[in-house]
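S.K.: take this sequence and fold it.
(one chain, ligands or ions: 3)
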Amino acid sequence: MPRVAVTSRRDFLRVSAVGVIGLGVASAAGCSDGRGGSSDAVPDGGPGRPFMQPTVLASSGGTLDVTLTAAAALVPWGSGRRWALTYNGTAPGPTLQVRPGDRVRLTLVNDLDDPTNLHTHGLHVSPNGASDNVFVMVGPGERHTYEYEIPADHRSGTFWYHPHHHELVAPQVHGGLAGAIVVRDAVDDEPALRGATERVIVISDPRVGSDAGILDVSHMEQMQGREGDVVTVNGRRNPVIATTAGSTEHWRILNASPSRYHRLHLDGPAMYLVATDGGRLARAERADDVLLAPGERVELLVPIDRVGRSAFTSRAYDRGTPGMGGGMGGGMGGMGGGSGSSTDAAPLLTLEAGEGTGTDAVRPGSLSVAPPPAISDGTSERDVVLSMGMGGGMGSGMSFEIDGSTFDPTRTDIEARLGTVETWRISNTSTMDHPFHLHVWPFAVLAASDGARPAPGWKDTVNVPAGGWVRVQVHFTDLAGRAVYHCHILDHEDLGMMGVIDVR
Ligand code: C2O
Ligand code: CU
Ligand code: CU
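M.R.: Ligands and ions are numbered 1, 2, ... in the order given. Next up, the predicted model:
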């Protein structure tokens, strides 16, 4: 167990928490692979294995009743195993599949050695009581039953679940605690989607090792936002999807990396965007590069028009650095956080299309969904400022703030009125990008400082570029309650870049 000299409270919490996890699984690591453990002994993940998807737990007759057990485990990795945090033994965890109007009873069993809880990212459900309440804490050895009522008019799309216990979110998600939630409705049966081969693609970038030491990062890495050793799709490295020419792929893609941005690119067939976060698009749009910040999702249609092999990759993206070094102003410079930004392209998966019999490829077309309404008047405008300042106190480096404060669960930062629509100008005065996420209430992106055309569908997470801004319109149409908004670089959230909103 590492001994900590004079350090900040944050560092102390981190080191002690990780140390406890380590003790808890050391024996498991030792006996299962028989090698005991150094990280170099772990195999490379065996790229080229078949694509696999998480188990699906689907509702029936209007209800879904599931138990998710969070626990450390050794998961398959190439010809061997690697250490991970899992839901029901896998990382990512099972995919939950529901329909609008469903009731979900989800019992979270905490077999970790640390507190945890669960958040349903992007679901438009109540943030109160036993519903999607991130102020609930589930201690080690405890369990908690969440009850969600999915509104009858909930939009279909791709959402996800992950822990949300402040100060432990980044290590727990990076360890592997994440899973997809799919909400299906009649839109899924429309000609533009029906007949396509649907796949859930959870992108993570774990650190590969045989014990909990992989969760232990430096304070510099926390400030940069931790990134892993490899990029994985559903826990595998560069898996292969075997398909046939003439068919169409329908990918539901989730960026479950705590900090890494993925700029999605496919060499070969064209990709068509059909959904952003929690919103299907009225019309499919051709997309060559799709930037997916942490927490974001897209759905893509890929008509396979030829036989052959194509590479789906995560291209390099510069999300900036903390800009330590003093007096760097608003520039993009600053001392790097080591291997912080994603500077190299990484393979995600390989498509192998064989000879096909059918010519029934789904043609990307239109879906019967309404785009977010543009409200031009009567909305109040609010400023939200994301900043990184010097002097986080006790020599711990920088402070990560929203509107000049770090997270305090007892304080309410924004009060909004139920039934209103507000326009927010979210600006970023720092030298790094921050993906801004608001719980419960979806928004439409109106404009961004880089002049790029905003995402056309409903969003719950949006990248705010370094030194830039975005304007969004938040719809507080229904569901009162107290929830949070934060940076989805989860280390930044853990460092305090989070605020509380109360909608009444
Ligand atoms: Cu993925 Cu507070 O959320
Ligand atoms: Cu969320
Ligand atoms: Cu951030």
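
S.K.: any weak-confidence spans in the stretch 251-400 of the chain?
M.R.: 324-343, 358-361, 377-378, 391-396 (pLDDT under 70).

S.K.: what segments of it are strands?
M.R.: Assigned strands in the stretch 251-400 of the chain, in chain order: 262-266, 271-276, 279-287, 289-292, 297-303, 308-315, 346-354, 380-390, 398-402 (criterion: DSSP state E, counting those that start in this stretch).

S.K.: with just CA atoms, put the strand of greatest length in the chain into CSV.
M.R.: For the chain, the longest strand by residue count, based on DSSP state E, is strand 63-77. C-alpha atoms of strand 63-77 as CSV (Å, rounded to 0.1, in the frame of the first residue of the first chain):
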residue,chain,number,x,y,z
THR,A,63,-40.9,-4.0,-17.4
LEU,A,64,-37.2,-4.6,-17.0
ASP,A,65,-36.0,-6.1,-13.8
VAL,A,66,-32.2,-6.5,-13.6
THR,A,67,-29.4,-6.7,-11.1
LEU,A,68,-26.0,-5.2,-11.9
THR,A,69,-23.1,-6.3,-9.7
ALA,A,70,-20.1,-4.1,-9.7
ALA,A,71,-16.9,-6.1,-9.0
ALA,A,72,-13.3,-6.4,-10.0
ALA,A,73,-12.6,-9.4,-12.2
LEU,A,74,-10.1,-10.7,-14.7
VAL,A,75,-11.6,-10.5,-18.2
PRO,A,76,-10.4,-12.1,-21.4
TRP,A,77,-7.6,-10.4,-23.2
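
S.K.: what are the buried residues along it?
M.R.: Within strand 63-77, the residues that qualify as buried are 64, 66, 68-77, counting by 16 or more other CB atoms under 10 Å. C-beta here means a position set from N, CA and C on the backbone, and glycine is covered the same way.

S.K.: for these, which one is nearest residue 404?
M.R.: Checking these against residue 404 with CB to CB, the nearest one is residue 70 at 34.3 Å.

S.K.: tell me which of the strands of the stretch 251-400 of the chain sits nearest to ligand 2.
M.R.: strand 297-303 (11.6 Å; CB to the ion).

S.K.: residues contacting the closest one, please?
M.R.: Contacts of strand 297-303 with the rest of the structure, by CB atoms under 8 Å, 6 or more residues apart in numbering, involve 122, 157-160, 192-193, 196, 248-255, 264, 266, 269-278, 280, 284, 287, 290, 292, 351, 361-364.

S.K.: quick revisit: name the next helix or strand downstream of the longest strand of the chain, please.
M.R.: Downstream of strand 63-77, the next assigned helix or strand under DSSP states H and E is strand 80-87.

S.K.: so that next one versus strand 63-77, what angle?
M.R.: For strand 80-87 against strand 63-77, the angle by axes from the mean of the first three to the mean of the last three CA atoms, to 10 degrees is 160 degrees.

S.K.: what about the closest residue to ligand 2 within the chain, neighbour count?
M.R.: Of all residues in the chain, the one sitting closest to ligand 2 is residue 121 (3.7 Å; CB to the ion). When neighbours are defined as other CB atoms under 10 Å, residue 121 has 24 of them.

S.K.: do the same with residue 452
M.R.: For residue 452, using other CB under 10 Å, the count is 12.

S.K.: could you do the one 4 residues further on as well?
M.R.: Counted with other CB under 10 Å, the neighbours of residue 456 add up to 18.

S.K.: so it sits against residue 277, correct?
M.R.: No: Residue 456 lies out of contact with residue 277 (CB atoms under 8 Å); the separation is 11.2 Å.

S.K.: show me the contacts for residue 70.
M.R.: Counted by CB under 8 Å, 6+ apart, residue 70 has contacts 85-87, 108-112, 116, 163, 172, 177.

S.K.: an error on my part: the question was meant for residue 385.
M.R.: 402-404, 426-429 are the contacts of residue 385 under CB under 8 Å, 6+ apart.

S.K.: residue numbers of the stretch 401-504 of the chain in contact with ligand 3?
M.R.: Applying CB under 5 Å from the ion, we find that the stretch 401-504 of the chain lies next to ligand 3 at 434, 487, 489, 492.

S.K.: run a quick neighbour tally on the closest residue to residue 275 other than its chain neighbours.
M.R.: What sits nearest to residue 275 in space, not counting adjacent residues and going by CB to CB, 6 or more residues apart in numbering, is residue 299, at 3.6 Å. As a burial measure, residue 299 scores 25 neighbours (other CB under 10 Å).

S.K.: okay, now the domains of this protein?
M.R.: 9-184, 193-354, 380-503 (automatic domain parsing).

S.K.: nearest to residue 368, out of the ones you listed?
M.R.: Of all the domains of the chain, domain 193-354 comes closest under CB to CB, at 8.0 Å.

S.K.: just to check, residue 288 is in contact with residue 265?
M.R.: Yes: between residue 288 and residue 265 there is a contact under CB under 8 Å: 7.1 Å.

S.K.: neighbour-wise, which of those two wins?
M.R.: Neighbour totals were compared for residue 288 and residue 265, and residue 265 leads with 17 against 9 (other CB under 10 Å).

S.K.: quick one: that one and residue 305, what's the gap?
M.R.: Per CB to CB, to the nearest Å, residue 265 is found 17 Å from residue 305.

S.K.: out of the strands of the stretch 251-400 of the chain, which gets nearest to residue 473?
M.R.: Closest among those, once you apply CB to CB, is strand 380-390, at 9.9 Å.

S.K.: element containing residue 109?
M.R.: Counting by DSSP H and E, residue 109 is found in strand 103-110.

S.K.: outside of that strand itself, list whatever touches it.
M.R.: Identification of contacts with strand 103-110 by CB under 8 Å, 6+ apart yields 59, 62-70, 96, 98, 116-118, 138-150.

S.K.: check the residues of the stretch 401-504 of the chain next to ligand 3 against ligand 2, which are close?
M.R.: Okay, of these, nothing touches ligand 2 (CB under 5 Å from the ion).

S.K.: need the contact list for residue 252.
M.R.: 158, 180, 182, 198-201, 275, 297, 299.

S.K.: just the ones of the residues you listed in strands?
M.R.: Going by DSSP E, the strands hold 158, 180, 182, 198-201, 275, 297, 299 from the contacts of residue 252.

S.K.: between those residues, which is closest to residue 45?
M.R.: residue 201 (16.3 Å).

S.K.: in the sheet, who's paired with the closest residue to residue 448 other than its chain neighbours?
M.R.: Once flanking residues are discounted, residue 448 sits nearest to residue 470: 4.5 Å by CB to CB, 6+ apart. On the basis of DSSP bridges, residue 470 is bridged to residue 426, residue 448.

S.K.: correct me, but residue 470 touches residue 464?
M.R.: Yes: with contacts counted by CB under 8 Å, residue 470 reaches residue 464, the gap being 5.4 Å.

S.K.: re earlier: so how far is residue 443 from the residue nearest to residue 275?
M.R.: 18 Å.

S.K.: same question for residue 279.
M.R.: Distance from residue 279 to residue 443, counting by CB to CB: 10 Å.

S.K.: ok, the closest residue in space to residue 154 that isn't next to it in sequence - contacts?
M.R.: Distances taken as CB to CB, 6+ apart place residue 100 nearest to residue 154, at 4.3 Å, with adjacent residues excluded. Residue 100 makes contacts with 150-156, 183, 185, as judged by CB under 8 Å, 6+ apart.
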